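Colleague: Next come a sequence and a model predicted from it.
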Amino acid sequence: MTEKRMAHHPYKTKEKMITRMKKIEGQIRGISRMIDEDVYCDDILHQFMSVESAINGVKNTLLEAHMKSCVINQIQSGDLEVVDELLKTIGKMTK
């Protein structure tokens, strides 16, 4: 059985990400409602761009927190494979 890895982010960072994700959930529900109500397509597209921007913000916050805690902790414990894992993840994020 493989060991389950856990993140150890400061409460403030975690709280910030969760709050932002809840707002994004509301935005997504709003977009569904706009589609259902036949709102003008351009208006819906602008809402999608807003959601994408918000997701990117959370994603960048998480990446920074990951690098400052999880990656450093793993390197300090001798697990250098985390660097390759991080590079692969960043590569996927930038496609």
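Modeller: The structure has been received and is ready for your questions.

Colleague: Quick check: Lys23 touching Ser53?
Modeller: No - judged on Cβ atoms under 8 Å, Lys23 makes no contact with Ser53 at a distance of 11.9 Å. C-beta: built from backbone N, CA, C; applies to glycine.

Colleague: The two: who's more crowded?
Modeller: Lys23 (13 against 9; other Cβ atoms under 10 Å).

Colleague: Could you list the low-pLDDT ranges of this protein?
Modeller: Where the chain drops to pLDDT under 70, the residues are 1-2.

Colleague: How are the helices of it distributed by residue range?
Modeller: Residue ranges of the helices in the chain, as given by DSSP state H, are 11-36, 41-65, 72-76, 81-93.

Colleague: In stretch 57-66, which residues are buried?
Modeller: 58, 61, 65-66 (16 or more other Cβ atoms under 10 Å).

Colleague: I meant to write stretch 81-90 there.
Modeller: Going by 16+ other Cβ under 10 Å, stretch 81-90 has these buried residues: 82, 86.
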